[in-house]
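Visitor: Here you go, sequence then predicted model.
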Amino acid sequence: MLWPWRPKSDKSPMAQFLLRVMNEQWDFQIKDVRKLQNDGIAVDCPGQQDIDKILERISNNPSLQEKIKAIHVRQNFPKCIVYGLEPEFTKEQMGEALSQSFGEDHKDLKVLFPIKGRTGKMHWVFKPPVTIYRQLRRRQKLTINWETHKVKEFLSARKCFTCQSLEHTASHCTAERTFCGFCTENHRITDCISRRRSCINCRKHNYKYKTNYRTDHASIDHTCPIYAAKIKSITKNTIY
C-alpha cells in the first residue's frame, strides 16, 4: 500500500505520479491497482520479487521517498463457500468443477475444506483469486454437474475451542481450563446441558477494558460484538 506523505499536496493522483516516475525502468509486474482513503493506492503484484522491486525503486529514488510512504502488508484474499453438494463430492471433483467454470483463470484458485450442512449436504470452501471472486460476487451462483448452487463470501474467524479465544486455535492454547462456548463453565460445548448463555469473550473484554457489552449470549454466536469486531477486522484487511 502506498500513501502520499502529504495527501492531496500533489496535483497528480498517486497512481499517475507513481507510474510517471517509475516508467523509465519498468522491470516489475502489477496485477491490480485500487484506490484507498487519503489518496493512497493498493498495488497487487504477481510475486514477491515484483513487490521487492517496487519497494527498492522507492527507497533508491529521492523524489519518490519524499512523496510516498510505502507499507508492505500481508495480503488476505477472500474465501467463498458453495452450498448443497453431495456428501461424496471430493476435493478433486471440486477443483475440476471450478476448472470447468473458470478455465485458465482457476490456476490460482485453492480448494480448502468441506463443511457438513444440517440437511446432510456438504458445503465447500475455496479461495479464489480476486478476479474470480468479483465474478462470483456478481453471480452469487455456480453451476456444478448441471445443477446451480448458491455461492457467497465465507467469513469466519479462527477460534480456540478450549478457551474460546479468537486469537489462536486449540493447538496453541495455554489456558489452564476449558471454557464452554455456550455457558463458560469448565466443560466442552458438546457436554453442555445448561440453558443459560454466557459469553466468556465479552466478560473478559468488559473486565479488561471496562466496557459494558451484554454477556447473555454464547461466544459461538455470530452476533457477539467481539466476534463481529473480529470479522470486521478481517474484511478490512482483505483484498477485494
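Guide: Here it is on my side, so go on.
Visitor: right, and M122 touches I115 too?
Guide: Yes: using CB atoms under 8 Å, M122 is in contact with I115, at 7.1 Å. C-betas here are computed from N, CA, C, even on glycine.
Visitor: More neighbours: which of the two?
Guide: Set M122 next to I115 and count neighbours by other CB atoms under 10 Å: M122 wins out with 18 against 14.
Visitor: Outline the domain layout of this structure.
Guide: Using the TED database, the domain ranges for the chain come out as 13-66, 80-153, 170-237.
Visitor: now do the same end-to-end measure for the last one.
Guide: What that stands for is domain 170-237. Start-to-end span of domain 170-237 (CA to CA, to the nearest Å) is 24 Å.
Visitor: Show me where this structure dips below the pLDDT cut-off.
Guide: Segments of the chain classed as low confidence (criterion: pLDDT under 70) are 1-26, 37-39, 73-75, 104-106.
Visitor: Ok, which of the domains of the chain comes nearest H72?
Guide: With distances scored as CB to CB, the stretch of those nearest to H72 is domain 13-66 (6.3 Å).
Visitor: Quick one: the helices in this structure, in order.
Guide: Residue ranges of the helices in the chain, as given by DSSP state H, are 14-22, 48-59, 62-67, 91-102, 130-139, 200-209, 225-236.
Visitor: so which of the ones you listed comes closest to C80?
Guide: Counting by CB to CB, and looking across all of the helices of the chain, nearest comes helix 130-139 at 5.7 Å.
Visitor: got JSON lines for the helices of the chain, with mean neighbour count and distance to F179 too?
Guide: Below are these laid out as JSON lines (neighbours: other CB atoms under 10 Å; distance: least, CB to CB, whole Å):
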{"stretch": "helix 14-22", "mean neighbour count": "17", "distance to F179": "47"}
{"stretch": "helix 48-59", "mean neighbour count": "15", "distance to F179": "39"}
{"stretch": "helix 62-67", "mean neighbour count": "13", "distance to F179": "49"}
{"stretch": "helix 91-102", "mean neighbour count": "16", "distance to F179": "33"}
{"stretch": "helix 130-139", "mean neighbour count": "15", "distance to F179": "35"}
{"stretch": "helix 200-209", "mean neighbour count": "16", "distance to F179": "5"}
{"stretch": "helix 225-236", "mean neighbour count": "15", "distance to F179": "13"}
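Visitor: can you tell which of those helices is closest to E153?
Guide: helix 130-139 (7.2 Å).
Visitor: ok, residues contacting that closest one?
Guide: 32, 44, 77-78, 80, 102, 105-106, 109, 128, 142, 151, 153, 239-240 (CB atoms under 8 Å, 6 or more residues apart in numbering).
Visitor: In JSON lines, list the helices of the chain along with distance to C163.
Guide: Below are the helices of the chain laid out as JSON lines (distance: least, CB to CB, whole Å):
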{"stretch": "helix 14-22", "distance to C163": "43"}
{"stretch": "helix 48-59", "distance to C163": "35"}
{"stretch": "helix 62-67", "distance to C163": "45"}
{"stretch": "helix 91-102", "distance to C163": "31"}
{"stretch": "helix 130-139", "distance to C163": "33"}
{"stretch": "helix 200-209", "distance to C163": "7"}
{"stretch": "helix 225-236", "distance to C163": "13"}
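Visitor: Of all the ones you listed, which one is nearest E147?
Guide: Using CB to CB, the helices of the chain put helix 91-102 closest to E147, at 10.4 Å.
Visitor: quick one: the closest one to chain centroid distance?
Guide: Relative to its parent chain, helix 91-102 has a centroid offset of 22 Å by CA atoms, centre = their mean, to the nearest Å.
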